[in-house]
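**Student:** quick check, what structure comes out for this input:
(one chain, ligands or ions: 1)
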Amino acid sequence: MPTTDPVIEARNLTKHYGPHAVVQDVSFRVAAGQTLVLLGPSGCGKTTLLRMLNRLVEPDIGVVLVNGHDVRDQPAEQLRRGMGYVIQQVGLLPHYTVAENVAVVPRLLGHAPAAIAARTTELLGRLHLPPERFAGRYPRQLSGGQQQRVGLARALAADPPIILLDEPFGALDPITRASIRREFRELPELRRKTMVMVTHDVTEAFELADQILLLDAGQVQQLGTPRELLLRPANDFVRRFFAAEQLGLQLRALRLADIMAELPQASDTIILTYSESDTQPLSLTATIQEALAQLGQAAVPSLGESAEARVWVRPTETAAPADFLPLTYATLMAAFGYAVRRLGIEQP
Ligand SMILES: Nc1ncnc2c1ncn2[C@@H]1O[C@H](COP(=O)(O)OP(=O)(O)OP(=O)(O)O)[C@@H](O)[C@H]1O
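**Tutor:** Numbering: from 1, shown residues only. Sure, this is the predicted structure:
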């Protein structure tokens, strides 16, 4: 496997408040374009750890490197301008309009006014805040979800390569939270970013993380992909942490590729469609959760009373539609069940 230099590297970070070590000897690396989620119960040290990355907290021991350079080698303000920072309390400036809030960092960086205006308009549009309606409003005239979007736009405004997020969806109700999270995941801007995000929500962690660092009382319990934490928990704490939501997490951690061997007809191509001719490819890297969601959508329109929503398996790349094999919700779930057993995951 090619090894790339990490964009962010934490080495042996330790922080005490009084006699207590709230972060103890934590190390991790985040590669370019990857998302690391810091997960764990309340008070386990996630925020303290995140704030060491942009020097809002200085470690007692250990070092943070960004692109190979010790973060202490440059003034903290300069470091922070290269890192977007999104927090739960949003922290918009109350006497600035939405557009002015978004423009804060580009202004500090001396970007040209016309470029800032264009960027603000573009970002607000992309975050579903039509600029003609929202640019001139003040933060108090926005809902919590809208404020959170402005906070995200502000963090993205100067296009920093690194984004730090501390419970960015924390203040929202579960439904708004899920929909903003979906928008967030699909934002093309963010695909290229290197991100570290704090959450205590395991579903959120599984949806957004390439790597999860699970902490308890300031100590690393496990660092790995969501799948590794679920399939190979390092200790009882890890196992117990995920136990309550195991089924939902399995649906998010397993991919269609994992269950192909369990299908009646193994194949390397799977497609979702209302009919044999109307094809909407679903990649093998799609999670079971995503496949079920698409299957759910397929069930609604234009199907006869007796018709059942289907995923079609294309047995070979060149197979004609008539040779596609239907796969129903029930078959998909059965294959998922067998895969869970084969992979040795404990049932909830
Ligand atoms: N400035 C401070 N002075 C003293 N103790 C602090 C300070 N900041 C944090 N702590 C303590 O350090 C521990 C870790 O706090 P931290 O905010 O990092 O946890 P967290 O995992 O982010 O928690 P939560 O999920 O509840 O936000 C807590 O016990 C907290 O009380």
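
**Student:** use CA for all of it now, contacts and neighbours both
**Tutor:** Fine.

**Student:** which residues of the protein lie near the ligand?
**Tutor:** Proximity of the chain to the ligand (CA under 6 Å from any ligand atom) is limited to residues 17, 22, 42-48.

**Student:** farthest-separated two in these?
**Tutor:** 17 and 42 (16.2 Å; CA to CA).

**Student:** related to what we said a few turns ago, among the residues of the chain next to the ligand, which are in strands?
**Tutor:** Among these, the members falling in strands (DSSP state E) are 17, 22.

**Student:** so how do I select the buried members of the residues of the chain next to the ligand in PyMOL?
**Tutor:** Per 16 or more other CA atoms under 10 Å, the buried members of the residues of the chain next to the ligand correspond to this PyMOL selection:
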select buried, resi 22+44+45+46+47+48
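
**Student:** may I see the buried residues of stretch 50-58?
**Tutor:** Buried residues in stretch 50-58, counted by 16+ other CA under 10 Å: 50-55, 58.

**Student:** no no, stretch 74-90
**Tutor:** Neighbour-count burial for stretch 74-90 flags 79-87, 89-90 (criterion: 16+ other CA under 10 Å).

**Student:** start and end of that stretch, how far apart?
**Tutor:** 26 Å (CA to CA, to the nearest Å).

**Student:** do the same with stretch 58-76
**Tutor:** Start-to-end, stretch 58-76 (CA to CA) is 11 Å.

**Student:** and for stretch 96-116?
**Tutor:** Start-to-end, stretch 96-116 (CA to CA) is 15 Å.

**Student:** show me how far that stretch is from its chain's centre.
**Tutor:** Relative to the chain's own centre, stretch 96-116 is displaced by 27 Å; criterion: CA atoms, centre = their mean, to the nearest Å.

**Student:** kindly report the same for stretch 201-220.
**Tutor:** That offset, for stretch 201-220, works out to 11 Å (CA atoms, centre = their mean).

**Student:** residues in contact with that stretch: which ones?
**Tutor:** Outside stretch 201-220, the residues that touch it by CA atoms under 8 Å, 6 or more residues apart in numbering are 21-26, 34-41, 43-46, 181, 185, 199, 221-226, 238, 242, 248-249, 252-253.

**Student:** who's residue 198 bridged to?
**Tutor:** For residue 198, the beta-bridge assignment (DSSP bridges) gives partners residue 38, residue 166.

**Student:** mind checking how far it is from residue 190?
**Tutor:** Distance, residue 198 to residue 190, using CA to CA: 16 Å.

**Student:** higher neighbour count, those two?
**Tutor:** More crowded of residue 198 and residue 190, by other CA atoms under 10 Å: residue 198, with 25 against 19.

**Student:** next up, the contacts around the more buried one.
**Tutor:** 37-39, 46-47, 50, 165-167.

**Student:** could you work out the most separated pair of those?
**Tutor:** So, the contacts of residue 198 by CA to CA: farthest apart are 39 and 165, at 12.2 Å.

**Student:** re the thing from before, a markdown table for the buried residues of stretch 50-58, including secondary structure?
**Tutor:** Formatted as a markdown table, the buried residues of stretch 50-58 follow (DSSP: H, G, I helix; E, B strand; the rest coil):
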| residue | secondary structure |
| --- | --- |
| 50 | helix |
| 51 | helix |
| 52 | helix |
| 53 | helix |
| 54 | coil |
| 55 | coil |
| 58 | coil |
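
**Student:** possible to save those residues as JSON lines with pLDDT and distance to residue 335?
**Tutor:** Shown next, in JSON lines, are the buried residues of stretch 50-58 (pLDDT from 0 to 100; distance: CA to CA, whole Å):
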{"residue": "50", "pLDDT": "97", "distance to residue 335": "40"}
{"residue": "51", "pLDDT": "96", "distance to residue 335": "43"}
{"residue": "52", "pLDDT": "96", "distance to residue 335": "44"}
{"residue": "53", "pLDDT": "96", "distance to residue 335": "43"}
{"residue": "54", "pLDDT": "93", "distance to residue 335": "45"}
{"residue": "55", "pLDDT": "94", "distance to residue 335": "48"}
{"residue": "58", "pLDDT": "94", "distance to residue 335": "50"}
